[in-house]
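> Sequence below, structure please.
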Amino acid sequence: MKHWKFSAVLFIALAALAAPAVFADAPTGASPLDPLRVTGAWQTLAPNASLWFYFDYTGDRSKIEAMVEDDGTSHIQLAIFTPMQATAWLQDPTTKPIGWGSKPGAHTPEAIYDLYWRGAFNFPGRFFAVVSNQNAQPIVFRLNVKGENVRLAPTPTPTRAPTPFLATPIPTATLPGKIVFQQASGGNIYTVNGDGSQLARVSTGLDPAWSPDGKQIALTRWEHPAGVYIAEADGSNERNISSARQPLSPQWSPDGARVAFTRPNGGPQYDSTFCFGRFCFTAMADPWWKIAVVDVNTLAFSEPRCTKHCFSPTWHTDNKTIAYADAQIGIMATSIEGGDAWTLYTQNPNVQSSIYSPDGSKLAFMFRQHDHWEIGVINADGSGMIGLTRQDPLAFAVVNNVAPTWSPDGAQVLFLSDRNGQWEFFVVNADGTGLHQALKSVTDVLPIYYNFSNERVADWTNR
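Residues are numbered from 1 along each chain as shown. Just a heads-up that it's a prediction; the model follows:
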């Protein structure tokens, strides 16, 4: 509130600074990899420090509001980061946010707050509000974020939670072949055998993908020099095949000749405020994400047509059709030979991480269902949608199932789930039967971080 007595504020600040840390594994708010939950409670922020908070959002252009109360203290900032900008910040802490909180007008309903931001986005994911204290003294503040389709749920932590009473136990399984996976967007990339043996760090970056012959890995990086890279399976002989700003989701064509990826290209990148006398309004940022294709040998570059928000490109076996996810429309497809994009699946537009099966007959993807994410599969023409994952009616907590990838024979789908209180790998048959946990020995010692922003966490080869 605006009119806290100074003595009360000082008492809370000193008490909070003196309080010991009770939970050693509790989030610290130091970065997007360790964000705090937005609780609306008063809390202390140390001098010249920042705290990261997260909220999940469906990307349906519904209104989001973020507000800070700090008793009118000066030199406080509120910044809003998209999932992509948060990943960029990990590589470059000077990355600008997409929006800033500002002091609301004195005669507006928002005047009760010290900082206020309002916005909307047409892509889903985990967004972040960052509160910074640029003073030489600690401050006490309260952050709130609200919106019809904003979710302020607890974030999964690396500490294993006990299996809820009565929840159906999940057996473990050994996978054939080899997996490449990222620990976090822009973090370490590892390879490991399907039985959990020979875990090896091979690189750093985003969205690793096996070449069709399993001998090379494609990945992207956002730090300088940003771009798309390919390397041998052990990480050696790495080379940049395309320079691009903030590229994501590299995917090899089935013949191994090209790599498709997506990157920001056009559209307003930041909020813009316009004023006419005393009246001001904000034009919300709407960055476009477009597909690009690079020839691995000649480095020739092309841009097939797609909509304004083209994520998770994936190749059909014909080596010319690319499907992708647009959370305003659904699953789309385009051709490198030209022509407009066309729709495949529009029943639920809140989709991410589309990927063709090895034989091109099906597409797996994740879709938002009310307050959580599930894995679904459709036929290549968009028909016959089935859910591969579903909520356990005996479990007490809502579970997210995300980031699908196919087994090399197309019989199974590997994905991440937070059903045990941390992100772990699970595998299910292509008809939704035979759910098993995989690579448990790996995730027991190596925490996985996920941001709900179309991450291609893992890829699977039989080579």
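> Going by C-alpha atoms from here, please, whenever you check contacts or count neighbours.
Noted.
> What segments of the stretch 51-200 of the chain are strands?
Counting by DSSP state E, counting those that start in this stretch, one finds strands in the stretch 51-200 of the chain at the ranges 64-69, 76-81, 99-100, 115-119, 125-133, 139-146, 150-151, 172-173, 178-182, 188-193, 200-204.
> what about the strands in the stretch 351-463 of the chain?
Going by DSSP E, counting those that start in this stretch, the stretch 351-463 of the chain shows strands at 351-356, 362-369, 372-379, 386-387, 401-406, 412-417, 424-429, 436-438, 458-461.
> Format those strands as CSV; extra columns: distance to Ser302, mean pLDDT and mean neighbour count.
Shown next, in CSV, are the strands of the stretch 351-463 of the chain (distance: least, C-alpha to C-alpha, whole Å; pLDDT from 0 to 100; neighbours: other C-alpha atoms under 10 Å):
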stretch, distance to Ser302, mean pLDDT, mean neighbour count
strand 351-356, 21, 96, 29
strand 362-369, 24, 95, 23
strand 372-379, 27, 96, 22
strand 386-387, 34, 95, 16
strand 401-406, 26, 97, 28
strand 412-417, 31, 98, 24
strand 424-429, 35, 97, 23
strand 436-438, 38, 96, 20
strand 458-461, 25, 98, 24
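> sorry, back to before: tell me which of the strands of the stretch 51-200 of the chain sits nearest to Ala300.
strand 200-204 (25.1 Å; C-alpha to C-alpha).
> That closest one: which residues count as buried?
Of the residues in strand 200-204, Arg201, Val202, Ser203, Thr204 count as buried by neighbour count, 16 or more other C-alpha atoms under 10 Å.
> Out of these, which is nearest to Ser185?
Nearest to Ser185 among the buried residues of strand 200-204, counting by C-alpha to C-alpha, is Thr204 at 8.9 Å.
> who does the closest one bridge with?
Counting by DSSP bridges, Thr204 is bridged to Asn188.
> Would you map out the domains in this structure?
Structural domains of the chain, as assigned by automatic domain parsing, span the residue ranges 6-151, 172-461.
> Mean neighbour count, these: which tops it?
domain 172-461 (a mean of 20; mean count of other C-alpha atoms under 10 Å).
> Would you pull up how far it lies from the middle of the chain?
Put simply, domain 172-461 sits 10 Å off its chain's centre (C-alpha atoms, centre = their mean, to the nearest Å).
> re the thing from before, and the domains of the chain, which one is worst for confidence?
Across these, domain 6-151 has the smallest mean pLDDT, namely a mean of 83.
> Where does Thr334 sit: helix, strand or coil?
Using DSSP: H, G, I helix; E, B strand; the rest coil, the structure places Thr334 in strand.
> For the nearest residue to it once chain neighbours are set aside, give me its contacts.
Among residues not flanking Thr334 along the chain, Ala341 sits closest, at 4.4 Å (C-alpha to C-alpha, 6 or more residues apart in numbering). Listed by C-alpha atoms under 8 Å, 6 or more residues apart in numbering, the contact set of Ala341 reads Arg305, Cys306, Thr307, Met332, Ala333, Thr334, Ser335.
> ok, these vs Asn133, which is closest?
Out of the contacts of Ala341, the member with the shortest distance to Asn133 (by C-alpha to C-alpha) is Thr307, at 39.8 Å.
> In contact with that closest one, which residues?
Lys290, Asp326, Ala341.
> Please identify which of these is nearest to Gly266.
Lys290 (8.5 Å).
> wouldn't that closest one be in contact with Ser249 here?
No: taking contacts as C-alpha atoms under 8 Å, Lys290 lies outside contact range of Ser249: 11.6 Å.
> Next, show the common contact partners of the two.
Counting by C-alpha under 8 Å, 6+ apart, the residues touching both Lys290 and Ser249 are Thr262, Phe311.
> from the contacts of Ala341, which is closest to Ala231?
Using C-alpha to C-alpha, the contacts of Ala341 come closest to Ala231 at Ser335, 26.8 Å.
> Name the nearest residue to that closest one, ignoring sequence neighbours.
Per C-alpha to C-alpha, 6+ apart, closest to Ser335 is Thr321, 4.5 Å.
> Quick check: that neighbour touching Ile336?
Yes: counting by C-alpha under 8 Å, Ile336 is a contact partner of Thr321 at 6.6 Å.
> Quick check: Ser312 vs Asp418, distance?
21 Å (C-alpha to C-alpha, to the nearest Å).
> no no, Val68
30 Å.
> Tell me the first helix or strand C-terminal of the helix or strand containing Ala218.
According to DSSP states H and E, Ala218 maps onto strand 216-221. Using DSSP H and E, the helix or strand that follows strand 216-221 in sequence is strand 227-232.
> and the helix or strand following that following strand, what does it pack onto?
Proceeding N to C from strand 227-232, the next assigned helix or strand is strand 239-243, under DSSP H and E. Strand 239-243 sits against strand 227-232, with contacts defined as 3 or more C-alpha pairs under 8 Å, 6 or more residues apart in numbering; DSSP states H and E.
> Quick check: beta-bridge partners of Val294?
Bridge pairing for Val294 - DSSP bridges - gives Val259, Phe301.
> State the distance from it to Thr220.
Distance of Val294 to Thr220, given as C-alpha to C-alpha: 13 Å.
> next one: Ala430
Using C-alpha to C-alpha, which is the criterion applied here, Ala430 is 29 Å from Thr220.
> Also Ala200?
19 Å.
> about what we covered before: in strands, which of the contacts of Thr307 fall?
Under the assignment DSSP state E, the contacts of Thr307 contribute Lys290, Asp326 to strands.
> Of the contacts of Thr307, which is the nearest to Val457?
Asp326 (18.8 Å).
> what pairs with that closest one across the strands?
Beta-bridge pairing of Asp326 under DSSP bridges involves Gly330.
> wait, isn't it in contact with Pro313?
No: in this structure Asp326 lies outside contact range of Pro313 using C-alpha under 8 Å: 10.2 Å.
> Can you give the contact residues for the strand holding Ala218?
Strand 216-221 has contacts (C-alpha under 8 Å, 6+ apart) with 186, 204-211, 226-233, 235, 246-252.
> The same query, at a cut-off of 7 Å, please.
Residues from elsewhere that reach strand 216-221 (C-alpha atoms under 7 Å, 6 or more residues apart in numbering): 186, 205-211, 227-233, 247-248, 250.
> repeat for stretch 195-210
By C-alpha under 7 Å, 6+ apart, stretch 195-210 touches 174-175, 180-182, 185-192, 216-221, 234-235, 248-251, 439, 441-442, 455-459, 461.
> Equivalent analysis for stretch 239-257, please.
With C-alpha under 7 Å, 6+ apart as the test, stretch 239-257 has contacts from 206-207, 209, 211-212, 218-220, 222, 226-231, 258-264, 294-296, 299, 312-315, 317, 319, 456.
> Thank you kindly, that will do.
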